[in-house]
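Undergrad: what's the 3D shape of this:
(4 chains)
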Number of protein chains: 2
Amino acid sequence: MASRTPSVARPVVAVLVAIFTVVEDEFRVLLIQRSAAPDLGKWAIPGGGLQQDESLDSAAVRKLEEETGVTDVFLEQLYTFGDLDDHTAGGSVAVVYFALVDHTRVRLAERPEWQPDWFPMAELPVLALRNERVLEVARQRITNKLEYTNAAYSLLPQFFTLTDLQGVYESILGRRLDKRNFRRRMLAAELLLGTNRTAKTGRHRPARLYRFASRRPVEF
Amino acid sequence: MASRTPSVARPVVAVLVAIFTVVEDEFRVLLIQRSAAPDLGKWAIPGGGLQQDESLDSAAVRKLEEETGVTDVFLEQLYTFGDLDDHTAGGSVAVVYFALVDHTRVRLAERPEWQPDWFPMAELPVLALRNERVLEVARQRITNKLEYTNAAYSLLPQFFTLTDLQGVYESILGRRLDKRNFRRRMLAAELLLGTNRTAKTGRHRPARLYRFASRRPVEF
DNA sequence: TCAAAAGTGTTCCACTTACACCCATGT
DNA sequence: ACATGGGTGTAAGTGGAACACTTTTGA
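TA: Now for the predicted structure:
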């Protein structure tokens, strides 16, 4: 366990993936609960060690797939924290990624020890390892990305209404948006393609369905 | 040396600091040359391992101070690369920071093996360890930061003319800016304070000296 | 016919951009 | 007097923000 070179630490590198979605107009994050010591009962961002010859990006993709079964979603590196755990001497380094997923495509992992679940960002439980800071940085980044990228493609099914899309924005930004301005801005960005299909949901006028021109990250 | 758990690699964490300045209207980066194998003769971004119980930020500050003697400058984490070296099996992780410094305050380290020097970003030498990618990411980030923060405070002495400031922007952005628009925008941002002092440099009207209201990072 | 959500334009304001001349000084 | 960089204003265009009514459908 002890390092052979006392003057230079050899920390373990962990890769964490903060996975976000929007369900029922709530911006939520996937957390896992530790059912064994240490930090029993506290919730945390999923993650783990790097495997042999695995790149950081690959490890993030693998973790995401393990937790949710999905791949090909918006996933990017967020920040690297060197001080999430203050009790581990020598300090491990956590390279944190974040992902945006469509919850309807997600099949949560079922594990004996760690039980994953979605939590509203507005009502987080007690978190392990200073994960509050991580989530705050992530929220800030996602908020910014929404403004100038097509990141939202990753939170919605292939076909969706403009009202759906606006709902996603409002849930994440935490404020209401003006319908007309929102639609104009979205359509002007030319990230969306209209379809002939409509969604007939209830006793009101059917909404036109749109899809993203690209389901890969694009900047405005 | 060998890990006790073969399925999980335990990579070394290195902290790199890409240090930038503007000299003679050129955007330059500080590189060090390796005078021993491997990569003899190639230039690289300075960096090194983490010391015991040292945070990532502290390591970055220490590295910056070792190379330049300066502290209290614009310094922030850029990105973490897991694949800069492809020959080291198991892969080390490089947490890269970038700093902006006023070159007149810098006293470059003199070392037996590594000789540091400033290189124009427009004419980089052959770099070690895929450092080109790192510098490209850094340039992009700095370009963006200039637009909506006071980051330039870190590239200039305490007192400077608006023409000096504009020169810094132009050197980094790589294009000329309109003098009147630049001045209006800068003064409107209320990041600058005018002084009574003027700079008498040559046979022309003396320029008013300004200083930044804050010499810590501030967003517009 | 009513309830419910879909869809649509215009005005105002703030900010960006383009652009050219006079000013203060040293030689 | 002249060369050199310092310093200033205005008009046009662009993008964001505020704001309310008509349309289509199912019950």
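Undergrad: what about the longest strand in chain A?
TA: Once chain A is assigned using DSSP state E, the strand that runs over the most residues is strand A:13-23.
Undergrad: Report the angle between that one and strand B:13-23.
TA: Strand A:13-23 and strand B:13-23 are oriented at 80 degrees to each other (axes from the mean of the first three to the mean of the last three Cα atoms, to 10 degrees).
Undergrad: counting contacts, what elements does strand A:13-23 pack onto?
TA: For strand A:13-23, the contact count by 3 or more Cβ pairs under 8 Å, 6 or more residues apart in numbering or on different chains; DSSP states H and E identifies strand A:26-34, strand A:47-49, helix A:56-68, strand A:93-100, helix A:131-148, helix A:162-173 as packing neighbours. For glycine as for every other residue, the C-beta is placed from the backbone atoms N, C-alpha and C.
Undergrad: Going by mean pLDDT, which of the ones you listed comes out lowest?
TA: Of all the helices and strands packed on strand A:13-23, mean pLDDT reaches its minimum on strand A:47-49 (a mean of 89).
Undergrad: how about that one: buried residues?
TA: Buried residues in strand A:47-49, counting neighbours by 16 or more other Cβ atoms under 10 Å in any protein chain shown, are found at A:47, A:49.
Undergrad: do the same with stretch A:188-206
TA: Under 16+ other Cβ under 10 Å, the buried positions of stretch A:188-206 are A:191-192.
Undergrad: before we move on, what about stretch A:93-104?
TA: Judged by neighbour count (16+ other Cβ under 10 Å), stretch A:93-104 contains these buried residues: A:93-103.
Undergrad: Also near chain B: which of the residues you listed, exactly?
TA: A:93, A:95 (Cβ under 8 Å from any Cβ of the partner chain).
Undergrad: Surely A:Ala213 and A:Ala189 touch.
TA: No: if you go by Cβ atoms under 8 Å, A:Ala213 and A:Ala189 don't touch, sitting 9.7 Å apart.
Undergrad: A:Phe98 reaches A:Val73, doesn't it?
TA: No: at 10.6 Å, A:Phe98 does not count as touching A:Val73 under the criterion of Cβ under 8 Å.
Undergrad: quick check: domain ranges of chain A?
TA: A:13-128, A:151-212 (automatic domain parsing).
Undergrad: for A:Gln115, helix, strand, or coil?
TA: strand (DSSP: H, G, I helix; E, B strand; the rest coil).
Undergrad: Tell me what it is bridged to.
TA: A:Gln115 forms beta bridges with A:Gln33, as assigned by DSSP bridges.
Undergrad: what's the burial count for it?
TA: When neighbours are counted by other Cβ atoms under 10 Å in any protein chain shown, A:Gln115 registers 15.
Undergrad: Next: A:Ala152.
TA: When neighbours are counted by other Cβ under 10 Å, A:Ala152 registers 23.
Undergrad: And A:Thr68, by the same measure?
TA: 24.
Undergrad: Please apply the same query to A:Asn144.
TA: A count of nearby residues for A:Asn144, using other Cβ under 10 Å, gives 11.
Undergrad: So which bits of chain A are right by DNA strand D?
TA: By the rule Cβ under 7 Å from any atom of the strand, the part of chain A lying against DNA strand D is A:178-181, A:185, A:188, A:200, A:202-206.
Undergrad: Would you check which pair of those residues lies furthest apart?
TA: The span of these, defined through Cβ to Cβ, is set by A:Ala188 and A:Arg203 at 31.7 Å.
Undergrad: low-confidence ranges in chain A?
TA: By pLDDT under 70, the low-scoring segments of chain A are A:1-11, A:35-37, A:86-91.
Undergrad: Next, the contact list for the spatially closest residue to A:Ala109 that is not a sequence neighbour, please.
TA: Nearest residue to A:Ala109, sequence neighbours excluded (Cβ to Cβ, 6 or more residues apart in numbering or on different chains): A:Glu67, at 5.4 Å. The contact partners of A:Glu67, by Cβ atoms under 8 Å, 6 or more residues apart in numbering or on different chains, come to A:17, A:19, A:30, A:32, A:46, A:108-109, A:116.
Undergrad: Of those, just the buried ones, ChimeraX syntax please.
TA: Typed into ChimeraX, the line below selects the buried ones among these, using 16+ other Cβ under 10 Å:
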select /A:17,19,30,32,46,109,116
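Undergrad: Of the contacts of A:Glu67, which pair is most distant in space?
TA: Pairwise distances across the contacts of A:Glu67 peak at 13.7 Å for A:Val17 and A:Leu108 (criterion: Cβ to Cβ).
Undergrad: A:Leu129 in helix, strand or coil?
TA: A:Leu129 carries the three-state label coil when classified by three-state DSSP.
Undergrad: Spell out which parts of chain A neighbour DNA strand C.
TA: Residues of chain A lying near DNA strand C (Cβ under 7 Å from any atom of the strand): A:161-163, A:179-181, A:183-184, A:198, A:202-208.
Undergrad: cutoff 10 Å now
TA: Taking Cβ under 10 Å from any atom of the strand as the criterion, chain A approaches DNA strand C at residues A:161-164, A:166-167, A:178-184, A:187, A:194, A:198-210.
Undergrad: among the residues you listed, which are in helices?
TA: When the residues of chain A next to DNA strand C are checked against helices (DSSP state H), the matches are A:162-164, A:166-167, A:179-184, A:187.
Undergrad: Can you tell me which of these is closest to chain B?
TA: Nearest to chain B among these is A:Asn181, at 22.3 Å by Cβ to the nearest Cβ.
Undergrad: Which one of the buried residues of stretch A:93-104 is nearest to A:Phe81?
TA: Nearest to A:Phe81 among those is A:Ala94, at 4.7 Å by Cβ to Cβ.
Undergrad: Would you reformat the ones in helices among the residues of chain A next to DNA strand C as a markdown table and include neighbour count?
TA: What follows is those, written out as a markdown table (neighbours: other Cβ atoms under 10 Å in any protein chain shown):
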| residue | neighbour count |
| --- | --- |
| A:Leu162 | 18 |
| A:Thr163 | 12 |
| A:Asp164 | 18 |
| A:Gln166 | 18 |
| A:Gly167 | 17 |
| A:Lys179 | 11 |
| A:Arg180 | 8 |
| A:Asn181 | 9 |
| A:Phe182 | 17 |
| A:Arg183 | 16 |
| A:Arg184 | 11 |
| A:Leu187 | 13 |
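Undergrad: Throw the residues you listed into a markdown table and include distance to B:Met121, thanks.
TA: Formatted as a markdown table, these follow (distance: Cβ to Cβ, whole Å):
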| residue | distance to B:Met121 |
| --- | --- |
| A:Leu162 | 43 |
| A:Thr163 | 46 |
| A:Asp164 | 44 |
| A:Gln166 | 42 |
| A:Gly167 | 44 |
| A:Lys179 | 45 |
| A:Arg180 | 44 |
| A:Asn181 | 40 |
| A:Phe182 | 40 |
| A:Arg183 | 42 |
| A:Arg184 | 39 |
| A:Leu187 | 38 |
